[in-house]
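>>> Got a predicted structure here, sequence first:
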Amino acid sequence: MLASLNYRPHHSWIEKIHPAARWIFAFLTTLAITTFWDVRFLAFFFLLAIVQYRLARVTWAETRRAWLVVLLIMFTMIFLNTIITGAGTIGAVMQSGHPILVLPIRVPLVGWETTFTLTVERLWFALAQFLRIVSIAMLFMIIPFTMDPRVYGVTFRKLGLPDRLAFTTDLAFRFIPTLSRDFMMTLDAQRARGYEIERAQGGLIAQIRRVAPLLVPVTMNAILTGEDVANAMDLRCFGLRPRTWILATPYRGLDWAVIAFSVALLVGSLVIRYGLGLGDFWVPPWLFS
């Protein structure tokens, strides 16, 4: 039996909007965000994402693990790849720079010498990256916590995907909690037989051998579950004709307003960026002093 993601109604204003309209808003707003490197424009999208996040009424306990993943991504992209190495910056940042920190570094033992230079442009670019990543993360993070797992399939069908692809996406979302449930059941069963995963010590080969009693049953069970679902769908002649959805709901006035706002936001961003030539990387002149 397939499991579903944990969901509890928050009775928020966001949940009154059709899930398909919320996906459209998230996708189009993300496209609009990625057109800008100017902090002034990114600050607007950042505030817009904060408003949506607050209206969703999700708690820190619910989103803590998701934020840990976002923090890991930001640490890699911003701190390591931009501030430390500068490899993740654009040409405008690499070609010019106003140093604020010049630190000579000498590697022990080998005697290598290098100089770490931190510029105003690199720090400001890191701020732009932070606003982009956090804004996009907040747009999509609230969706699984404020969307009933039973409507994933009908939502993607509402977005125009074929029945097969919409139902496949629905199964993919349900496969994640199913795999987690099977893993915990297998772990408890193996512990009842005396297995202790905490004692997985030694080299790489030894650790793989110790984890094998968990990975093999979970993998085999996932394969068998997938075959059972595929056989059940074939026996019911899935895909021979368009299917119906029990929870299918039409768009309402609020949903059309959200979609229209999303389209206008994207079109306006494209006009500002490519029509007027605004929104490229920008640093306040007063920072150079």
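Nice, thanks for sending it over.
>>> host element of the most centrally placed residue in the chain?
Closest residue to the average C-alpha location of the chain: A137 at 5.6 Å, with Cα atoms, centre = their mean. Element membership for A137 (DSSP states H and E) is helix 120-141.
>>> again, but for Y195
Per DSSP H and E, there is no helix or strand for Y195.
>>> go on, A230?
Residue-wise, A230 maps onto helix 204-235 under DSSP H and E.
>>> Can you pull the poorly scored residue ranges out of the stretch 1-150 of the chain?
1-6, 86-96 (pLDDT under 70).
>>> if we go to 80?
1-8, 80-81, 83-118, 149-150 (pLDDT under 80).
>>> if you go through it in chain order, where are the strands?
Secondary structure of the stretch 1-150 of the chain, counting by DSSP state E, counting those that start in this stretch: strands at 99-106, 113-119.
>>> in the first one, what counts as buried?
Within strand 99-106, not a single residue qualifies as buried, counting by 16 or more other Cβ atoms under 10 Å. Yep, even glycine has a C-beta here, placed from its N, CA and C like the rest.
>>> so how far is it from its chain's centroid?
35 Å (Cα atoms, centre = their mean, to the nearest Å).
>>> Mind exporting the C-alpha coordinates of that strand to PDB?
C-alpha atoms of strand 99-106 as PDB (Å, rounded to 0.1, in the frame of the first residue of the first chain):
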ATOM      1  CA  PRO A  99      39.100  45.200  -2.500                       C
ATOM      2  CA  ILE A 100      38.000  45.400   1.100                       C
ATOM      3  CA  LEU A 101      40.100  42.500   2.400                       C
ATOM      4  CA  VAL A 102      43.500  41.200   1.100                       C
ATOM      5  CA  LEU A 103      44.800  38.200   3.000                       C
ATOM      6  CA  PRO A 104      48.100  36.500   2.000                       C
ATOM      7  CA  ILE A 105      47.900  32.700   2.600                       C
ATOM      8  CA  ARG A 106      50.800  30.300   2.800                       C
END
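>>> What helices and strands are in contact with it?
Secondary-structure packing of strand 99-106 (3 or more Cβ pairs under 8 Å, 6 or more residues apart in numbering; DSSP states H and E): strand 113-119.
>>> which outside residues touch the strand it packs on?
Identification of contacts with strand 113-119 by Cβ atoms under 8 Å, 6 or more residues apart in numbering yields 83-84, 93, 97-107.
>>> Check which helix or strand D170 maps to.
helix 163-192.
>>> angle of that helix against helix 204-235?
With axes from the mean of the first three to the mean of the last three Cα atoms, to 10 degrees applied, the angle from helix 163-192 to helix 204-235 works out at 140 degrees.
>>> In helix 163-192, which residues are buried?
Buried residues in helix 163-192 (16+ other Cβ under 10 Å): 163, 166-167, 169-171, 173-175, 178-179, 182-183, 186-187.
>>> ditto for stretch 213-226
P213, L214, P217, V218, N221, T225.
>>> Include distance to R273 and pLDDT when you put those residues into TSV, please.
As requested, the buried residues of stretch 213-226 are exported to TSV (distance: Cβ to Cβ, whole Å; pLDDT from 0 to 100):
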residue	distance to R273	pLDDT
P213	54	74
L214	49	77
P217	52	80
V218	47	79
N221	49	79
T225	46	75
